[in-house]
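1. Sequence first, then the predicted structure:
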Amino acid sequence: MSTQRRWRSSERIALRVLEELGYKIIETKKVVKIRGVDVCEIDAIVEEESGVKYAVEIKAGKIDVSGIRQAYVNAALLGLKPLIISKGFADRSAEELAKELGVKVIELSDYFLIEAEELELIVRSSIESIIDEALSTIVELQNPSPSDLEFLKNIAKAHTVPELARDLNASINEVIDRIKDLQAKKVLPKTTKSYRILRTYAQIVILMSNLRNSLEQLNAILRELLERK
């Protein structure tokens, strides 16, 4: 599993654990600005039943001294209490620093002990989250130009980037630059790193474009029929 996919999985699990512990998720991926400049991003802002709010840092692995300091400073920037969800402490010094600075640490290994039925619910919830995320991404995609559409068709046919480059008689760097251009124009999602998933999105965009053209043709036919009447 890639580091990014591992972190995303940890993020979903961590947010579910927080909700099960009674925390209310107020915001995720909170960008902190100082005089209009982005200085950091906090994974989540949560509120416990007493009304106390926390700035949450989610770690896929164990937390070290550097991570403790980061969580403490980031929370201080928003005037919130620091909270970390991780798989425990990397060493004793990290544990002692967390106590000294008042950083609350929830260890996933202490809470993520589940039965088969609970696992099924988590898997189902994860699938629903993935579908919801994909649909939200698709809605935000922009209509491709004719030349973009032709490139998307090549992406849809090729199974790998080298194969795509060969089909277009181009270098791999040229192909990657073209993909980045489509991502910049929001024809393809920026967050997708896997070519396999990018290829799926290309197929979806093509399907949506064909459907849009079909609807426009149908509307034109209907207008013509109404004008004849």
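-> Arrived safely.
2. can you count the residues close to residue 13?
-> 18 (other Cβ atoms under 10 Å). C-beta coordinates here come from the backbone N, C-alpha and C atoms, glycine included.
3. gap between the biggest helix by length in the chain and the chain center?
-> Longest helix in the chain, counting residues (DSSP state H): helix 195-228. Computed by Cα atoms, centre = their mean, to the nearest Å, the chain-centroid distance of helix 195-228 equals 28 Å.
4. Can you list the buried residues in that helix?
-> 195, 198-199, 201-202, 204-206, 209 (16 or more other Cβ atoms under 10 Å).
5. Flag every buried residue along the helix or strand encompassing residue 96.
-> Here residue 96, judged by DSSP states H and E, is contained in helix 92-101. Going by neighbour count (16+ other Cβ under 10 Å), the buried part of helix 92-101 is 94-95, 97-98.
6. Let's have those in CSV, adding pLDDT.
-> CSV is the format used below for the buried residues of helix 92-101 (pLDDT from 0 to 100):
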residue, pLDDT
94, 93
95, 93
97, 94
98, 94
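7. residue ranges for the helices of this protein, please.
-> 3-20, 65-78, 92-101, 108-111, 116-140, 146-157, 161-168, 172-184, 195-228.
8. mind checking which helix or strand of this structure has the lowest mean pLDDT?
-> Least confident element among the helices and strands of the chain, by mean pLDDT, DSSP states H and E: helix 108-111 (a mean of 62).
9. now the chain, which segments are flagged as low pLDDT?
-> By pLDDT under 70, the low-scoring segments of the chain are 1-8, 109-122, 126, 130, 133-134, 192-193, 229.
10. Mind splitting the chain into its structural domains?
-> Under the assignment automatic domain parsing, the domains of the chain span 3-123, 141-228.
11. Relative to residue 57, which of the helices of the chain is closest?
-> When the helices of the chain are compared by Cβ to Cβ, helix 65-78 sits nearest residue 57, at 4.2 Å.
12. do you know how far residue 173 is from residue 147?
-> Residue 173 is 19 Å from residue 147, where distance means Cβ to Cβ, to the nearest Å.
13. now residue 58
-> Separation of residue 58 from residue 147 (Cβ to Cβ): 41 Å.
14. Over to residue 40?
-> Where residue 147 is concerned, residue 40 sits at a distance of 39 Å (Cβ to Cβ).
15. What of residue 107?
-> 52 Å.
16. who's more crowded, the two?
-> The residue with more neighbours, out of residue 107 and residue 147, is residue 107; 15 against 9, by other Cβ under 10 Å.
17. Nearest residue to the more buried one in space, please, no chain neighbours.
-> Closest residue in space to residue 107, ignoring its immediate chain neighbours: residue 88 at 4.8 Å, by Cβ to Cβ, 6 or more residues apart in numbering.
18. For that neighbour, grab phi and psi.
-> Backbone torsions of residue 88, given as degrees, to the nearest 10, read phi 110, psi -170.
19. Run a quick neighbour tally on it.
-> Applying other Cβ under 10 Å, we find 15 residues neighbouring residue 88.
20. just residue 50 next, same as before
-> 6.
21. swap in residue 162?
-> Residue 162: 12 surrounding residues under other Cβ under 10 Å.
22. any idea how far the residue lying closest to residue 137 once chain neighbours are set aside lies from residue 150?
-> Excluding the flanking residues, the one nearest residue 137 by Cβ to Cβ, 6+ apart is residue 189, at 4.8 Å. According to Cβ to Cβ, residue 189 stands 20 Å off from residue 150.
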